[in-house]
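In: Task: produce atomic coordinates for the following.
(2 chains)
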Amino acid sequence: MGIVTVLWEKWIEFKRDFYKITIAAMMSPLMYLIIFGMGIQTTSHGEPYLNYLIPGIVAMSTMTGSFSAVAQNMSVQRLYEKALDQVMVSPTPLWQFIVGQIIGGSLRGMYAAGIIMLLTAPIRTGLIFNGLSLFIMFLNGTVFSTLALVLSFLAKSYTDAPRFNSYIIMPMTFLCNTFFSTEQMPNGFRQVIAILPLSQASNMIRAISAGMHPDGIGFVILFAYLLIFSTISFVFIYKKKNL
Amino acid sequence: MIEIKDLTKTFDKFTAVDHLNLKIETGEFFGLLGPNGAGKTTTISMMSTVLLPTEGEIRLDGNLLNRTASKEKRKLSVITQEYSMRQDMTMDEVMEYQGRLYFLPKKVIRERTDQWLEFAGLKEYRKRVVRHLSGGMKRKLMVCRALLIEPEILLLDEPTAGMDAISRRQMWNLLRQLNQKGLTIVLTTHYIDEAQSLCDRVALINKGKLNTVDTPDHLIRELGAFAVDEVSDDNLVSRYFHNHSDVIAYMTDHPDATMRATTLEDVFVERVGNRLSKK
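Out: Okay, here's the model as predicted:
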């Protein structure tokens, strides 16, 4: 099945670049944890700030890990290596290729988040990560993998991938509930930021980590993004005249 | 059979392929010739569904070829002009990826990979990543990859570009053998001698439009089987004759002229190139 083929290809890439991928996944989140969580020690809502920060960093890692795994890879394959041509001409149904990319990207995001969970495990925060947290991490990863697919189909050159990071991923990293609550933002802007996928994923993972139930609307929003982005991906791969 | 009906491709205001109509029979060795920018690669890209036509259609054995046509695509294999493969994979991985994309069993992939890498003299480099291969080795690997799936139709876009003379001849022999076994081959090439030597029929296209389709022999005979070259005002001028006696008569009056057999390249230059000579 085509999905397994794409996952196999992702696995080959992961094995080959294991150290690069692992170090890249660790660096930024670790810096944020050290600087904001340990260097500038403070409290949030009466709790140690680390308790607020760690779930946010975990959610953020699923976003950056998934997005970079797909955006970079697909842009290079499509525009530089032309390796996507090999897939286009093959009998592998293209929807399976898309689904494989989404799952593969999301698993890379979960790997990045898993590293952060492991690194912060010795800090006895008492935070809870359960099966539902993992599901939210996976769901968040699928949203950003799919977004990465859409953008890589729109890219005019393979150097566009880093630009997408600057325009989309970096602002979300800082604004979407990772480091501070969206409640502190001005009215109007707050509502816009709140419906972004990372804000929802952070909220839900944070709620579970504090022993509460996540807000169901978060799932609806994440599924809505997934549906929109995957529909655009399918339209692009089947209908875009000059892929 | 491949049927190309009114195939048109435009990029913004530029028409790369303009209402192209072709029929390529099963088992035929077919050449697509034209100068740079004639629309050859665009045509191959549409046949491999990487590009979708602006107008027109392509049918394989009567069935529409498009991105959802998995059954038709299973028959096709493409060797593109560019090295279209993952640069960070080893040769073995490139072959396995191709086999998996065509749903071949692992055992079959392994056996055929051994067979084709051995044939191409690449077996000892099988663990080397594509990025570290020479241009010729990459080209051979693309051939191995295309043949791994035992296609019914092979689309070749400049397959010998970057190959040395010996490798080119090896490739020609391989393509001849494959065609004799019934493989339909569609070839674009800049090497006109390659097309003359290999193709049953050729289509000459220029500025996206079909100029003519015929056998190389018939095109040559139509122009005149005998060519006479002479230098006039520092330009090489070729004249073509149908009868040997006419050549002898002409050369008696022009002792500096040299006679040779007309080639497909002459036809190409006469029909689609600059008009360098007058008949």
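
In: Show me where the stretch 101-250 of chain B has its strands.
Out: With DSSP state E, counting those that start in this stretch as the criterion, the stretch 101-250 of chain B has strands at B:153-157, B:184-188, B:201-206, B:209-214, B:226-232, B:235-241.

In: how about the strands in chain A?
Out: A:43-44, A:47-48 (DSSP state E).

In: and chain B, which residues reach chain A?
Out: B:11, B:48-52, B:54, B:67-68, B:70-71, B:73-74, B:76-78, B:80, B:82-89, B:93, B:97-98, B:100-103, B:145 (C-beta under 8 Å from any C-beta of the partner chain). Just so you know, the C-beta spots here come from the backbone N, C-alpha and C atoms, and that holds for glycine as well.

In: got the strands of the stretch 101-250 of chain B as a markdown table, with distance to A:Ser157 and mean pLDDT columns?
Out: Output for the strands of the stretch 101-250 of chain B, formatted as a markdown table (distance: least, C-beta to C-beta, whole Å; pLDDT from 0 to 100):
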| stretch | distance to A:Ser157 | mean pLDDT |
| --- | --- | --- |
| strand B:153-157 | 22 | 94 |
| strand B:184-188 | 26 | 95 |
| strand B:201-206 | 29 | 93 |
| strand B:209-214 | 31 | 92 |
| strand B:226-232 | 46 | 90 |
| strand B:235-241 | 42 | 89 |
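
In: need the helices for chain A, in chain order.
Out: A:2-16, A:18-32, A:49-75, A:84-89, A:94-120, A:131-154, A:160-164, A:170-175, A:189-194, A:197-209, A:216-239 (DSSP state H).

In: lowest-confidence stretch among those helices?
Out: Ranked by mean pLDDT, these end with helix A:160-164 at the bottom, a mean of 82.

In: Pull out the buried residues from that one.
Out: A:160-161, A:164 (16 or more other C-beta atoms under 10 Å in any protein chain shown).

In: go on, stretch A:2-13?
Out: Of all the residues in stretch A:2-13, those buried under the rule 16+ other C-beta under 10 Å are A:2-3, A:5-10, A:12-13.

In: repeat for stretch B:130-139
Out: For stretch B:130-139, by 16+ other C-beta under 10 Å, it's B:130, B:133, B:137-139.

In: one step back: out of the helices of chain A, which comes closest to B:Ile44?
Out: Judged by C-beta to C-beta, the one of these that comes nearest to B:Ile44 is helix A:84-89, at 10.2 Å.

In: Against which helices or strands is the closest one packed?
Out: helix A:94-120, strand B:76-79, helix B:91-101 (3 or more C-beta pairs under 8 Å, 6 or more residues apart in numbering or on different chains; DSSP states H and E).

In: Show me what the last one is in contact with.
Out: Just to be clear, that refers to helix B:91-101. A:2, A:4-5, A:8-9, A:12, A:86-87, A:90-92, B:85-86, B:89, B:106, B:108-109, B:112-113, B:116-117, B:122, B:125-128, B:130, B:133, B:141, B:144-145, B:148-149 (C-beta atoms under 8 Å, 6 or more residues apart in numbering or on different chains).

In: list the contacts for residue 142?
Out: Went with chain A since none was named. Counted by C-beta under 8 Å, 6+ apart, A:Thr142 has contacts A:66, A:102-103, A:105-106, A:226.

In: think we crossed wires, I meant chain B
Out: B:79-80, B:83-85, B:159.

In: Nearest to the spatial middle of the chain, which residue is it?
Out: Answering for chain A, as no chain was given. A:Met63 (1.7 Å; C-alpha atoms, centre = their mean).

In: should've been chain B
Out: Short answer for chain B (C-alpha atoms, centre = their mean): B:Leu187, at 1.9 Å.
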